[in-house]
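In: Here is a sequence with its predicted model. Questions after.
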Amino acid sequence: MADNQKNHIVLVGFMGTGKSTVSQQLAKRLDCESVDVDCEIESREGQSIAEIFAGRGEEAFRQTETAVLVDVLGSRERKVVATGGGAVLDPRNCDMMLNHALVVALTADAHQIISRVSHDSSRPLLQGDLKLRVNRLLEDRKHAYDFADLTIDTTRLNVHEVVDAIIACLK
Ligand code: S3P
């Protein structure tokens, strides 16, 4: 990987914490490109996330996720990167993010997360009883986002307020 500076901004956090929306708005404000790792995986593989999980399994998905992160974080131009909620499960990904980016963790309470993800039934890890799945995964990942440089609770904030909070920390 070429550049070893914290040039980029990476958003991490559980599903439904607003990473993709915030990433797009933040990139607009900073006049740089926004990259959504999940979208990048889908376009590389020519398959949806659900199809990749169903056809080749989570492990194959995670490998592509890491490969995309390596490429994006190696870019010289500043990027705002929205990661998938599980991109932090491999500690090597966390180290790589910390080395190359300001890492911002977005959080939200379980109620808010359930309400936000209930509009999209495509997430493979949330099939079945949504409330149960979210609560279990939240428990499993209780400390998974603690490594971030900065944490913002988005429960009661709109996207512009979250973007303002991140920009204030860049100054
Ligand atoms: C995942 C989160 C999803 C997507 C995949 C796995 C996870 O991204 O990467 O379904 O393990 O938390 P979002 O956080 O954007 O929903």
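Out: Alright, I've got the coordinates.

In: Could you check how far H100 is from the ligand?
Out: For H100, the distance to the ligand (CB to the nearest ligand atom, to the nearest Å) stands at 20 Å. C-beta: built from backbone N, CA, C; applies to glycine.

In: how many neighbours does the closest residue to that residue other than its chain neighbours have?
Out: Nearest in space to H100, with sequence neighbours left out and distances taken as CB to CB, 6 or more residues apart in numbering, is L73 at 4.2 Å. L73: 23 surrounding residues under other CB atoms under 10 Å.

In: doesn't M96 make contact with L73?
Out: Yes - with contact defined as CB atoms under 8 Å, L73 counts as touching M96 (6.0 Å).

In: Give me the buried positions along the longest helix along the chain.
Out: For the chain, the helix with the greatest residue count under DSSP state H is helix 49-73. Within helix 49-73, the residues scored as buried using 16 or more other CB atoms under 10 Å are I49, I52, F53, F61, R62, T64, E65, T66, V68, L69, V72, L73.

In: With stretch 14-26 instead?
Out: Buried-residue list, stretch 14-26, by 16+ other CB under 10 Å: F14, M15, G16, T17, G18, K19, S20, T21, V22, S23, Q25, L26.

In: Closest to K131 out of the residues you listed?
Out: Among these, G16 lies closest to K131 (CB to CB), at 12.6 Å.

In: about what we covered before: what helices and strands are in contact with the longest helix of the chain?
Out: Secondary-structure packing of helix 49-73 (3 or more CB pairs under 8 Å, 6 or more residues apart in numbering; DSSP states H and E): strand 8-13, helix 37-45, strand 79-82, helix 91-100.
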